[in-house]
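Enquirer: Provided below for reference: sequence and predicted model.
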Amino acid sequence: MYEKDGEKYFIVDAHIALWDGRESNQKNVHGKQFIDCFYDYHKNLSPEEVVWDYDTYTYYGGRRLMKDLFEDGYVDHAIFQPALLGDFYRNGFGQTEEAFGLASEHPDKLTYNHAYDPRNGEAGLEQLRRDAERMNLKGVKLYTAEWHGDSRGWKLDDPWSRRYLEECLELGITNIHVHKGPTIRPLDRDAFDVADIDKVATDYLGLNFIVEHVGLPRLEDFCWIATQESNVYGGLAVAMPFIHTRPKYFAQIIGELLYWIGEDKIFFSSDYALWTPKWLVEKFVDFQIPADLTEYAPITTDQKKKILGLNAAALYHLDVPAELRLPTEAGDAGVEVAAGARS
């Protein structure tokens with residue numbers, strides 16, 4: 001929980017990871033390219049005082065994660081969104097078993113979302129069924145630009161992908177997080193295009209599609225899709241650190257999102273450990289739309305509270321303490337909009 005100027009904020013970090021990018025885990029040069037690109041994002045978009053050394057960044061472990069998020073970072077709950085990258089890393093990039101174990105130890109603080117690749121066909125479907133039962137999955141993270149043998153990406157509306165989405169419906173895995181953002185070396189930029197979101201969101205109304213990184217650099221395309229598809233949401237991972245390096249650019253991003261998709265469909269994400277949540281939360285609470293950007297309405301405290309945690313809490317049915325909920329628009333003090341109160 002974060003508190004400033006008498007206001008209290010329930011914080012849900014909706015996109016975190018526990019990875020191993022060390023040389024010992026790299027399968028080939030692409031593994032090094034990937035973690036080096038991550039580190040470039042980290043160095044170039046973070047305040048100097050919070051930049052990590054390279055060795056720590058390649059593998060930081062669960063103990064450091066718990067400290068950075070829950071002791072120092074104001075986070076009340078966080079959601080793992082792993083990337084597999086089996087073609088680049090011997091034991092995978094996202095340390096899925098370690099992350100799942102950590103979430104099992106701290107269910108009040110962590111939710112574990114898993115990952116799958118529809119190019120694994122029927123065997124992958126069987127694995128998804130086993131994982132869903134063992135891990136009690138409510139969400140998955142998909143990486144459409146991931147390499148798989150000779151394939152350098154896939155689309156959400158591919159036939160096999162549709163079979164997996166239909167299986168998610170059967171299994172009660174309703175939150176489908178999809179990386180649709182800036183490219184990462186050596187992955188292909190166009191494999192992250194947002195157009196396939198439009199197709200599957202229309203066809204699978206029982207699923208929620210959370211577009212991670214809000215489609216950057218295709219923000220306009222994402223906004224046009226999300227404003228007409230009721231089950232499409234935006235995750236602010238990667239967008240958030242521009243609040244430091246490019247505050248006017250960040251203002252344009254958040255201004256466009258509030259205008260098009262509204263305050264109830266935007267999720268705060270640090271993308272840990274690309275960035276740590278502490279400074280992002282502090283800067284976002286202090287943030288104001290610059291006065292010269294007159295086409296955007298000022299961002300309110302209630303909107304910040306929704307974005308920082310209440311929206312994600314609603315989607316994942318997290319219990320929010322009564323004092324951190326928002327009163328209804330009707331002004332009825334006895335009835336509150338609370339993420340944890342939704343059935």
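Expert: Cool, got the structure. All figures in this text were calculated on a predicted structure; none of them were measured in a lab. Residues are numbered from 1 along each chain as shown.

Enquirer: and His317, which of the three is it?
Expert: At His317 the chain is in coil, as set by DSSP: H, G, I helix; E, B strand; the rest coil.

Enquirer: Where does the prediction get shaky in this structure?
Expert: Across the chain, the ranges flagged by pLDDT under 70 are 329-343.

Enquirer: Which stretches in it count as strands?
Expert: 2-4, 7-9, 12-16, 77-80, 110-112, 114-115, 139-142, 175-179, 208-212, 232-235, 266-267, 326-327, 336-337 (DSSP state E).

Enquirer: Mind checking those for the one nearest to Leu318?
Expert: Distance to Leu318, taken as CB to CB, is lowest for strand 77-80 among these, at 5.5 Å. Where you see a C-beta, it was placed from the backbone N, CA and C, and this is true even at glycine.

Enquirer: Adjacent strands (with direction) for the closest one?
Expert: Here strand 77-80 is paired, per DSSP bridges, with strand 12-16 (parallel), strand 110-112 (parallel).

Enquirer: what's the angle from the first one to strand 208-212?
Expert: Compare the direction of strand 12-16 with that of strand 208-212 by axes from the mean of the first three to the mean of the last three CA atoms, to 10 degrees and you get 70 degrees.

Enquirer: what about strand 12-16, distance to the chain center?
Expert: Its chain's C-alpha centre and that of strand 12-16 lie 6 Å apart, by CA atoms, centre = their mean, to the nearest Å.

Enquirer: cool, and the shortest one?
Expert: Distance of strand 110-112 from its chain centroid, counting by CA atoms, centre = their mean, is 12 Å.

Enquirer: hmm, who's touching it?
Expert: 77-80, 99-100, 102-104, 135, 137-139, 316 (CB atoms under 8 Å, 6 or more residues apart in numbering).

Enquirer: buried subset of those?
Expert: With neighbours counted by 16 or more other CB atoms under 10 Å, the contacts of strand 110-112 contain buried members at 77-80, 99-100, 102-103, 135, 137-139, 316.

Enquirer: Deepest-packed of the strands paired with strand 77-80, please.
Expert: strand 12-16 (a mean of 28; mean count of other CB atoms under 10 Å).

Enquirer: Just the CA trace of it, in CSV.
Expert: This file holds the C-alpha atoms of strand 12-16, laid out as CSV (Å, rounded to 0.1, in the frame of the first residue of the first chain):
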residue,chain,number,x,y,z
VAL,A,12,-1.3,-4.4,-8.0
ASP,A,13,1.7,-4.9,-10.2
ALA,A,14,0.1,-6.8,-13.1
HIS,A,15,3.2,-7.8,-14.9
ILE,A,16,6.3,-9.2,-13.2
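
Enquirer: Okay, buried residues for the top helix by length along the chain please.
Expert: In the chain, with assignment by DSSP state H, the single longest helix is helix 29-45. Buried residues in helix 29-45, counted by 16+ other CB under 10 Å: His30, Gly31, Lys32, Gln33, Phe34, Ile35, Cys37, Phe38, Tyr39, Tyr41, His42, Leu45.

Enquirer: which residues in this structure form helices?
Expert: Taking DSSP H to define them, one finds helices in the chain at 29-45, 54-58, 61-66, 96-105, 121-135, 159-171, 195-203, 219-228, 242-245, 247-260, 277-286, 301-305, 311-315.

Enquirer: from the ones you listed, which stretch is densest packed?
Expert: Of those, the one with the most neighbours on average (mean count of other CB under 10 Å) turns out to be helix 311-315, with a mean of 24.

Enquirer: For it, which helices and strands make contact with it?
Expert: On a contact count with 3 or more CB pairs under 8 Å, 6 or more residues apart in numbering; DSSP states H and E, helix 311-315 meets strand 12-16, strand 77-80, strand 266-267.

Enquirer: which residues touch the first one?
Expert: When contacts are defined by CB under 8 Å, 6+ apart, strand 12-16 is touched by residues 65, 69, 73, 75-81, 177, 210, 212, 235, 237, 267-273, 277, 308-313, 316, 318.

Enquirer: how far off strand 175-179 does it point, in degrees?
Expert: Compare the direction of strand 12-16 with that of strand 175-179 by the same axes, to 10 degrees and you get 50 degrees.

Enquirer: Taking helix 96-105 as reference, get the angle to strand 12-16.
Expert: Computed by the same axes, to 10 degrees, the angle separating strand 12-16 from helix 96-105 equals 160 degrees.

Enquirer: Tell me what angle strand 12-16 forms with helix 277-286.
Expert: 130 degrees.

Enquirer: In contact with the nearest residue to Asp68 once chain neighbours are set aside, which residues?
Expert: Closest residue to Asp68 apart from its sequence neighbours, by CB to CB, 6 or more residues apart in numbering: Thr276 at 5.1 Å. Each residue near Thr276 by CB under 8 Å, 6+ apart is listed here: Val50, Asp68, Asp72, Gly73, Ser270.

Enquirer: how near is Ala145 to Val200?
Expert: 16 Å (CB to CB, to the nearest Å).

Enquirer: Kindly reformat the contacts of strand 110-112 as CSV containing distance to Leu258.
Expert: Listed next are those as CSV, based on distance: CB to CB, whole Å:
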residue, distance to Leu258
His77, 23
Ala78, 24
Ile79, 22
Phe80, 27
Ala99, 32
Phe100, 35
Leu102, 34
Ala103, 31
Ser104, 36
Met135, 34
Leu137, 31
Lys138, 27
Gly139, 24
Tyr316, 22
